[in-house]
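Undergrad: Here is a sequence with its predicted model. Questions after.
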Amino acid sequence: MKLLVVEDDETTGTYIARGLREEGHTVDLVTNGRDALIQATSVGYDVLIVDRMVPQIDGMTLVKTLRGAGNRTPVLFLTSLGSVEDRIEGLTAGGDDYLVKPFAFGELSARVAALARRAPTVAQETTLHAGDLTMDLLSRRVIRAGREISLLPREFAILEHLLRRKGRVQTRTMLLEAIWDISFDPMTNVVETHISRLRAKVDRPFDTDLIQTVRGAGYRIDA
Amino acid sequence: MNRHLPAIFRSMPIHLALVLVAVFTIVSLLSLGATYLVTQRSFDQTIRADLRQDMAGFRAAPGPAALSQLVEAEARVTDPARMVLSYIGPDRRHYGNAVIARDDEGYHIVTDISGDPQIEGQYMALTTSLRGGQLTIARSLAEIDALREAFLRVLGLSLIPTILIALGIGLTLARRSARHVSTIARTLDQLTGGELEARVCPAPDWPQDLATIGTRIDKMASAQESSIAAIRQVSSDIAHDLKTPIQRVAVHLSELSEHGPLDATARDLLDKANAELDGIVATFHALLQIARIETGSPKAGFEVVDLDRVCATIVELYEPAATDAGHRLHYTPASGMTISGDRHLLGQTLANLIENALRHTPAGTDVRIELNRIRDRIVLSVTDNGPGVPEAERELVLRRLYRMDRSRTSPGAGLGLNLVASIATLHGATVGLHDAMPGLRVELAFPATRTS
């Protein structure tokens, strides 16, 4: 993927750029809004990673300007402010996702991947598969290796979420937002316990694990 | 004492109108009274003069016979109700239109006319011995009585309309200023409630004094709004200036962990540093959030929130974690528990309360989340049967950064309950910490939305 990082802090910017390059992406790094505007309008990027407070043209104005000019490239905002209000403000300005500093690189990488593949799935599937597991969305039944697995509604929702995003990491905060519609960070390991309950039903009775833990990032079901 | 009157009768214009009416009444009474006294005295003098003149006329009579004839002649054409003529001649015979008798109760005038022989009313009399007899002339004072009545009527006629007009104008003014006063009061309520953009905006037809107050309030509100905007800018600047180095520390720690194989000690130190960093970030976010809630107006984003859904979601989210930690979470669904608020903040509040209960109570503790409607309030309570909080410390735990001694060793920045209190205040809710015997019960009493 071709990515543009707009970040005025050198340490953070280089770190993000290096990490994304290691993942195989092409990354351009700029440190102010003016350069960002020039780059974004002249080069076709897959995702823009924009700090909200950068010199010359701030991130919000940058994205508003781009959107006004018809540029629809997905934008991930990086910000120091973490309240729901700020988040809503950022999303209304045309941002597609919002990441509060400090963040772990895994979180950033997972969100960039999610944004890039935001294009709607063409066919409306009624069954989801992963390895020897089949999820029937109509009858809401989950079968693995010929055995039916009985899941609670919330466990079903988590599994469905991971299956629909096969091969992509889903972080704790992404799951909190998608499954529970929660945008604050609980201090307790609530997501981990939900995942371990799900694993106890989906993975433990079987030989191989479907749900992978990605260290420092989140969870993933391999494609 | 006038607490029972409707508010409008306690307003300033009505007060002024009543004072005006009182002043006008006193002045009218004094001036009319004085006029009455002067007029009455002059009437009195006229009557006296008339009497003397009458008497002089009779004195002209040369002898008792002539006098008695003159009296008789005059008496025949004189109404005793107006003037009484009575002459008792030397022969003790009585001439005139009435007899003046005297007994213990005073004088009586008795006429010869049958029917109503007794005449009531006040008279002024002049008696003199004349031509061997006694002549009495009495003139009625009815005119003076009539004068008094006329004056009272004038007083009444002038006072009643004055009172009515003054009260009417007073009421109109009072009602008009009541409208202005309630506009001012509403604006102040909005400002107090966090709607910082609320203004009085006095219309040009406002009375000068209220318009002055309104304009000053608007000026004050603008000053406050801009200073709060400045505080926000500062806190957002601080956030940015502090977040950048925090982000760098996170970056360096992350780079360090990727820096080849680390021994157990190094790995342990790295984990500790990361945990501390998480703590710093959490405290920092909580402080920023509290500052924003306390200075800001996130009320703008309020919507109708079903607390039952919020509770069900949060309880469901925490249930596995609580069970793993050996606690039991209980929640009984309840319907019709809607309030006006911010869904995310309310969820965060309950999450904080649950985390607090899980963190400060030993394994095996029950944590009960309940929603109850008590009159026009919806009470969200989180009750545990753990060790509780000593009464003396209950107020303190709501304060920023306060931590009980025994919780110093457990994680958390001590901002949880403070954030809960800020969010509750934003929602117009009261926070109460009670002894659950044993344990602690935290109650948030929200104003319920009006059910239509």
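TA: Nice, thanks for sending it over.
Undergrad: Just give me the neighbour total for B:M124.
TA: Under the neighbour criterion other CB atoms under 10 Å in any protein chain shown, B:M124 is assigned a count of 15. For every residue, glycine as well, the C-beta is placed using N, CA and C.
Undergrad: now B:F446
TA: 23.
Undergrad: Please apply the same query to B:P80.
TA: So B:P80, with other CB under 10 Å, has 22 neighbours.
Undergrad: State the three-state secondary structure for it.
TA: coil (DSSP: H, G, I helix; E, B strand; the rest coil).
Undergrad: Am I right that it is in contact with B:N97?
TA: Yes - contact status for B:P80 versus B:N97: in contact at 4.5 Å, counting by CB atoms under 8 Å.
Undergrad: need the next SSE after the helix or strand of chain B with the lowest mean pLDDT, C-terminal direction.
TA: For chain B, using mean pLDDT, DSSP states H and E, the weakest element among its helices and strands is strand B:118-119, scoring a mean of 68. Per DSSP states H and E, the first helix or strand lying C-terminal to strand B:118-119 is strand B:123-130.
Undergrad: Packing partners of that following strand?
TA: Helices and strands touching strand B:123-130, by 3 or more CB pairs under 8 Å, 6 or more residues apart in numbering or on different chains; DSSP states H and E, are helix B:12-59, strand B:83-88, strand B:106-111, strand B:133-140.
Undergrad: buried residues in that strand?
TA: By neighbour count with 16 or more other CB atoms under 10 Å in any protein chain shown, strand B:123-130 contains the buried residues B:123, B:126, B:130.
Undergrad: Mind pulling up the pLDDT for the first one?
TA: Predicted confidence (pLDDT) for B:Y123: 83.
Undergrad: which stretches of chain A aren't confidently modelled?
TA: A:82-85, A:118-123, A:187 (pLDDT under 70).
Undergrad: Next: the stretch 151-300 of chain B.
TA: If you take pLDDT under 70 as the line, the stretch 151-300 of chain B has these spans: B:295-300.
Undergrad: can you give me the helices for it?
TA: In the stretch 151-300 of chain B, the segments counted as helices under DSSP state H, counting those that start in this stretch are B:208-258, B:264-295.
Undergrad: Just list what the shortest one packs against, helices and strands only.
TA: By that I understand helix B:264-295. helix B:208-258, helix B:416-426.
Undergrad: Show the subsequent helix or strand relative to that helix.
TA: strand B:303-306.
Undergrad: how about stretch A:63-75: buried residues?
TA: Neighbour-count burial for stretch A:63-75 flags A:63-66, A:71, A:73-75 (criterion: 16+ other CB under 10 Å).
Undergrad: likewise stretch B:277-293?
TA: B:281-282, B:284-293.
Undergrad: what's the answer for stretch A:186-196, then?
TA: A:186-188, A:190-191, A:193-196.
Undergrad: Out of these, the closest to chain B would be?
TA: Distance to chain B across the buried residues of stretch A:186-196 (CB to the nearest CB) is lowest for A:T193, with 3.8 Å.
Undergrad: give me the beta-bridge partners of residue 100?
TA: Unless you meant another one, I'm taking chain A. A:T79 (DSSP bridges).
Undergrad: Sorry, I should have been clearer: chain B.
TA: Here B:I100, judged by DSSP bridges, has bridge partners B:I109.
Undergrad: Might one say that it is in contact with B:I137?
TA: No - at 10.3 Å, B:I100 and B:I137 do not qualify as touching, with contact defined as CB under 8 Å.
Undergrad: so what sits against both of these two?
TA: Among the neighbours of B:I100, those also in contact with B:I137 (CB atoms under 8 Å, 6 or more residues apart in numbering or on different chains) are B:84, B:86, B:125.
Undergrad: Just to check, the first one is in contact with B:N97?
TA: Yes - the pair B:V84 / B:N97 is scored as a contact, 6.3 Å apart, by CB under 8 Å.
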